[in-house]
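[1] sequence and predicted model, in that order:
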Amino acid sequence: MRNPHAGQSFTCSDEEIAEALLDVSIPTLMLSLVHMSGDAALIRGALKPAGLFLNEVQGYMSEDDKAAVRTLALDVIGDYRDRGCPDPEPVNGELLKEMMEWLVCEPVPDEYVPMLLEEMELDGRDSRAAHSSASAAARDDFPVVVIGCGESGLLAGIRLKEAGIPFTIVEKNAGPGGTWYRNTYPGARVDVGNHFYCYSFEPTDQWTHFFAEQPELQAYFQRVMDKHDVGPHVRWETEVTEANWDDVAATWTVRTRGVDGVESTLHARAVISAVGQLDRPFLPTISGRETFAGNAFHSAEWDHSVDLRGRRVAMIGAGASGFQIAPTIADEVEHLTVFQRTAQWMFPNPNYHAPVGPGVQWALRHLPFYGRWYRFLLFWPGCDKGLAAARVDPDYPDQQRAVSEINEITRMMFTEWITSQIGDDPDLAAKVIPDYPATGKRTLQDNGSWLKTLTRDDVDLVRTPIDHVDADGVVTVDGTRHPVDVIVYATGFRATEVLWPMTITGRDGDDLRDRWGERPAAYLGITVPGFPNFFCMYGPGTNLASGGSLIFHSECQMRYISGCLDHLIDGGHRWMEPRQDKTDDWVRRSQEEMRTMVWAHPSVAHSFYKNSHGEVYTLSPWRLVDYWAWTRVPDPDDFTFG
Ligand code: NAP
């Protein structure tokens, strides 16, 4: 059978191929040429990328060099076509590593290679696929409930189906996608390149943008769900209200409530929570908020029945969501007032809104492993490099400004990006250049649309704190009244209240919310002592602030959970839970590590990562390669079984 990543065969003319090659990432193309020709010498000459940077997919190659590669490529691709597009011969491990290092212009340490190869699936094999060693009867006797059908819950469903384990997904929305179903606000789009931000085993050549907008993302999850036939397992528009562990029966009782208010109960041998951390909108306590007479809604609950044309709109909060909303609605509204408590750091990405050209789509569809290497090219610079810029050097001076030398360099680069757009405007500069270290909060991808919006005559940026809201406006603490017709709250999510508002009770009626308080923690972010057969995806300590993709993390977590389920079912166990000592050690080490990172640094006054004590329990401080290695196979010694 043809390797699915070798691409569809084609008979295009030389002219059509030449046209397509104008669009593509040239370094990525060269690696595809190596596969097509089997000729490694192609990457051992003078034509090569000159450097690596996030979202720089041409490797800084000169126009002359790119043209030379295109000429060369026409011969190689034409020959491949004329040979009938045969499945390329497998490439040996040594050459694959050479190809990786060539593409990213630096050594790729050995410890990363297996993870990257797995992520790229060059052998056409989904090695993260789940399987069960248990008998069909044992599996039938082990129903699982998954809470949520966003990217992680859908993945759980796909893997459970592969393993032949019966399951029900309970989803409060009417369709799949989670955050990508819910967040329909104008301008919603992903900020991780889509050719990486998709399941490793479900790439697509159909993205129309490199950073797709919400409808396209939601459609992707719908398509994947349909392909894997997970839909019939889902109870839509149904919310899990509580889940209680029954020690005698070794069963979870899961209570649900439909949109129609009808309550029901499911019984499961294991529960997988896949609700994520960015599910429940956060509305700030602002005096008089309820007295506002106009339309008011949260960014994640966008009221599309409200026509913004000709209206005066206040947007309270301007983090990742607000940053996308303001530029999108500015043309439509009569006047926009942005109330921003803290300025945000932005990563320059001029192609943030760029469409995927037909040439790139052609290459993804037809050129062997082009999409796989492109995925790697996006993954690598965002893999573990961001951690270095986020780590605090305790001896670095003036830590309100930067926490290390590399953090200072990042600050300078980001600051230059801002000042290059606003020219000599010290008043605006004072408002938009953050006063805390770069990367201290989640850095936003920016193509210039934010500052362009803020410099419009019909847009005001207000950094003065809000005193109160009244029937027809927002009043700041300096007494200024801002009359508005509509208020948009782009104030984020209750991210630190992991699993809220569900009630989860484990052994002896132990309530998970009471247990966690403001310090949610789970072994590897997945399992919790006292809560047998309960697994979290995108749980505490697994959000990513410096790079990677949550889908990658979810794939790691689900492989681990599948391994746990196999231990349970095949081992004939009734339950398993992580050892308290192992969990305590994990939490202690994670917190120690977290305290060395900028996200927990006191210079960042507040962020959705921090609890009221300024601690960070939601993020992972770990390298992706470590988390990948730790979650490959569950170690039975980390658990107690019953
Ligand atoms: P957010 O980043 O937490 O931003 C919330 C905004 O509300 C911030 O400006 C915050 O100010 C402000 N705020 C919160 N409480 C406030 C209060 N009491 N008074 C005044 N202002 C207040 O939330 P978000 O924008 O919804 O994004 C959350 C996360 O969702 C992102 O970090 C990202 O992980 C994800 N997301 C991703 C994308 C994408 O892929 N492009 C898009 C949207 C969201 P402070 O900064 O001062 O706290």
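    Great, that's in hand. Numbers count the residues shown, from 1 in each chain.
[2] ok, how many other residues are close to Ala605?
    Number of residues near Ala605 (other Cβ atoms under 10 Å) recorded here: 12. Heads up, the C-betas are built off the backbone N, CA and C, glycines and all.
[3] helix, strand or coil for it?
    coil (DSSP: H, G, I helix; E, B strand; the rest coil).
[4] now do the contacts for it.
    For Ala605, the contacting residues are Thr342, Tyr436, by Cβ atoms under 8 Å, 6 or more residues apart in numbering.
[5] switch to 7 Å and redo it
    Ala605 sits next to no residue when contact means Cβ atoms under 7 Å, 6 or more residues apart in numbering.
[6] ok, and the closest non-adjacent residue to Gly548?
    Computed as Cβ to Cβ, 6 or more residues apart in numbering, the closest residue to Gly548 that is not its neighbour in sequence is Leu624, at 4.9 Å.
[7] just checking, the one you found touches Gly386?
    No - using Cβ atoms under 7 Å as the test, Leu624 is too far from Gly386 to be in contact (10.0 Å).
[8] which of the two has more residues huddled nearby?
    Taking other Cβ under 10 Å, Leu624 and Gly386 do not tie; Leu624 has more neighbours (25 against 20).
[9] ok, back up a step: for the residue nearest to Gly548, give me phi and psi.
    The phi and psi values for Leu624, taken as degrees, to the nearest 10, are phi -60, psi -40.
[10] ditto for the one 10 residues further on
    As for Pro634, its main-chain torsions (degrees, to the nearest 10) stand at phi -70, psi 140.
[11] what does stretch 559-568 rub up against?
    Residues contacting stretch 559-568 (Cβ under 7 Å, 6+ apart): 128, 130, 132-134, 159, 163, 165, 270, 272, 524, 526, 533, 535, 573, 576, 631-634, 636.
[12] narrow the residues you listed to those that are buried.
    Buried members of these, counted by 16 or more other Cβ atoms under 10 Å: 128, 130, 132, 134, 159, 163, 165, 270, 272, 524, 526, 533, 535, 573, 576, 631-632, 634.
[13] among the residues you listed, which ones are in strands?
    Ala270, Ile272, Phe535, Met576 (DSSP state E).
[14] of the residues you listed, closest to Phe493?
    Relative to Phe493, the closest of those is Ile272; by Cβ to Cβ it sits at 20.6 Å.
[15] quick one, what contacts that closest one?
    Residues in contact with Ile272 (Cβ under 7 Å, 6+ apart) are Val144, Val146, Ala156, Phe535, Met537, Ile561.
[16] could you do His482 as well?
    Counting by Cβ under 7 Å, 6+ apart, the residues that His482 touches are Ala314, Thr337, Gly473, Val474.
[17] cool, and Leu364?
    For Leu364, the contacting residues are Asp205, Tyr370, Gly371, by Cβ under 7 Å, 6+ apart.
[18] skipping its backbone neighbours, what lies nearest the residue in the stretch 1-150 of the chain that the ligand sits nearest to in space?
    Nearest to the ligand, among the residues of the stretch 1-150 of the chain, is Gly150, at 12.5 Å (Cβ to the nearest ligand atom). What sits nearest to Gly150 in space, not counting adjacent residues and going by Cβ to Cβ, 6+ apart, is Gly178, at 1.9 Å.
[19] based on its surroundings, how many neighbours for the closest residue to the ligand within the stretch 251-400 of the chain?
    Nearest residue of the stretch 251-400 of the chain to the ligand, counting by Cβ to the nearest ligand atom: Gly319, 2.1 Å away. By other Cβ under 10 Å, 21 other residues sit near Gly319.
[20] cool, Ser305 as well?
    By other Cβ under 10 Å, the residues close to Ser305 number 7.
[21] just give me the neighbour total for the residue nearest to Val469 when sequence neighbours are not counted.
    Among residues not flanking Val469 along the chain, Gly288 sits closest, at 4.5 Å (Cβ to Cβ, 6+ apart). Neighbour count for Gly288, taken as other Cβ under 10 Å: 15.
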